[in-house]
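Q: Give me a 3D structure for the following:
(one chain, ligands or ions: 1)
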Amino acid sequence: MYKLIIKGGKTLNGTVNIAGSKNAALPILFASILADEPIKLSNTPHLSDISTTLRLLMDMGGEFILESDGSLSVDSSKLTKLTAEYDLVKTMRASILSLGPILAKYGEAKISLPGGCSIGTRPVNLHLKALKDLGAKIEVKNGYIYATAKKLIGNDIHFEQVTVTATENILMAATLAQGTTTIHNAAQEPEIIDLANCLIKMGAKISGAGTSVITIKGVSNLSGASHTVCPDRIEAGTYLIAAAITGGKVILKNAQHRSMRAIISKLTEAGAEIEFDKTSITLDMKGKRPKAVNIKTSTYPNFPTDMQAQFCALNSIADGQATVTESIFENRFMHIPELTRMGAQFSLEGNTAISKGVKLLTGANLMATDLRASASLVLAGLAAQGTTTIERVYHLDRGYETIEEKLKLLGADIQRIQD
Ligand code: EPZ
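A: Below is the predicted model:
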């Protein structure tokens, strides 16, 4: 196991390259199951969740090649096994995204139930109900989902709650269904647009991705394609806060401001000066202390839950009081007790965290609990006086490419050491 040692108090300045989006690359990798030929992906991030997905695809008979130009060729066109085993699924819940593609292509699938995680129970009932609406027979027993469908039949799907991966599962499954599927109350995240764009390159007939109504006309088969994964807006937002929390200036390369409007608006409200062009974003805090900002997470295009923990870190040293309300997940404040150990002042009332900014946090030994909570602790450590140690860094590696290397480039004093 590894831990991070951060000597805080440095003002971060510099340029950082934003990687491809984890939450776009994951569904796109599973979409390779639908194709009759390999797909070639550029800008795939180097993350443990990506490695886990490739391991899962290989376990089912898929193959991949890391090309010399850095692109990833994935051939999942001839699976020899239609089961996603518990041992792999338990390490990455997004493996549920194999269900729709395998069922649509092969007519049967056995997928381990993903189980919950520290931020919530993470049920998959909406995935299963929607697949049944497409004509699938679904049985859940011994911790596995058994799904069969001679041929999925297009239908009107109504999600009672907006759900990102369930929208993605149905979007993928419907590409090979007989007839037309319309998804109502669909998630509108940019990662869904990226998945749809890749599927369309593979021959899928999709319209409306990025809106709440997506229409898919089933086709008989999908071909290979080349696709460049969109930038990771959550990684980008995290590095903007790294500059904001230390009073510094950061230039993000390969970042798309269009998918970050809610994040940028809140950072501007906190007093940051932000400029952007088509592919880069610059945040300059000019040495100022941020102002505390109220946050309420919601579905896209509103404020993303995946940036909530990072803003709690910013609010902890900001000027003033603020409230952060988490409306998506039932247990996504695991970072609060750890921030409090650094001297942050928070009180929790149901799904709302109330902060009273302090001038200075002090370094402490901390424990990471989940991906974005870990990022929040790193950000607090960068601003804190003294040394902060963060254990269980494997949480971070799921969603941040070489985070300590990128932060070092910005002037942080941060080391990764073996436990
Ligand atoms: C995706 O998770 C992301 N993961 C999450 O990012 C992100 O936080 C989340 O969407 C919300 O934006 C990936 O894309 C791989 P949901 P997902 O289905 O799809 C409930 C990160 O840090 N729900 O949109 O699992 C659910 O409990 C991760 O990168 C059901 O009740 O989230 C939650 O309350 C964390 N039944 C709400 O819907 C279902 O069948 C939204 O969840 C499905 C979801």
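Q: going forward, measure contacts and count neighbours with C-alpha atoms only.
A: OK.
Q: Name the residue closest to the centre of the protein, please.
A: Compute the mean C-alpha point of the chain, and by CA atoms, centre = their mean the closest residue is residue 23, 4.1 Å away.
Q: helix or strand for that one, which one?
A: In this assignment (DSSP states H and E), residue 23 forms part of helix 22-31.
Q: just the helices in the chain please.
A: For the chain, the helices defined by DSSP state H cover 22-31, 48-59, 86-89, 99-106, 125-133, 164-174, 190-201, 233-245, 261-269, 308-316, 335-340, 371-383, 394-397, 403-409.
Q: got a list of what the nearest residue to residue 85 once chain neighbours are set aside touches?
A: Nearest non-adjacent residue to residue 85, counting by CA to CA, 6 or more residues apart in numbering: residue 112, 5.8 Å away. Taking CA atoms under 8 Å, 6 or more residues apart in numbering, we find residue 112 in contact with 83-86, 89, 96, 143-145.
Q: Using a markdown table, lay out these together with distance to residue 151, pLDDT and neighbour count.
A: Formatted as a markdown table, the contacts of residue 112 follow (distance: CA to CA, whole Å; pLDDT from 0 to 100; neighbours: other CA atoms under 10 Å):
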| residue | distance to residue 151 | pLDDT | neighbour count |
| --- | --- | --- | --- |
| 83 | 19 | 98 | 22 |
| 84 | 21 | 97 | 24 |
| 85 | 24 | 96 | 17 |
| 86 | 26 | 95 | 17 |
| 89 | 26 | 93 | 20 |
| 96 | 20 | 97 | 22 |
| 143 | 25 | 95 | 12 |
| 144 | 21 | 97 | 18 |
| 145 | 18 | 97 | 21 |
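Q: May I see the helices of the chain organised as JSON lines, with distance to the ligand added?
A: Listed next are the helices of the chain as JSON lines, based on distance: least, CA to the nearest ligand atom, whole Å:
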{"stretch": "helix 22-31", "distance to the ligand": "4"}
{"stretch": "helix 48-59", "distance to the ligand": "9"}
{"stretch": "helix 86-89", "distance to the ligand": "12"}
{"stretch": "helix 99-106", "distance to the ligand": "13"}
{"stretch": "helix 125-133", "distance to the ligand": "3"}
{"stretch": "helix 164-174", "distance to the ligand": "4"}
{"stretch": "helix 190-201", "distance to the ligand": "8"}
{"stretch": "helix 233-245", "distance to the ligand": "8"}
{"stretch": "helix 261-269", "distance to the ligand": "14"}
{"stretch": "helix 308-316", "distance to the ligand": "10"}
{"stretch": "helix 335-340", "distance to the ligand": "13"}
{"stretch": "helix 371-383", "distance to the ligand": "6"}
{"stretch": "helix 394-397", "distance to the ligand": "10"}
{"stretch": "helix 403-409", "distance to the ligand": "15"}
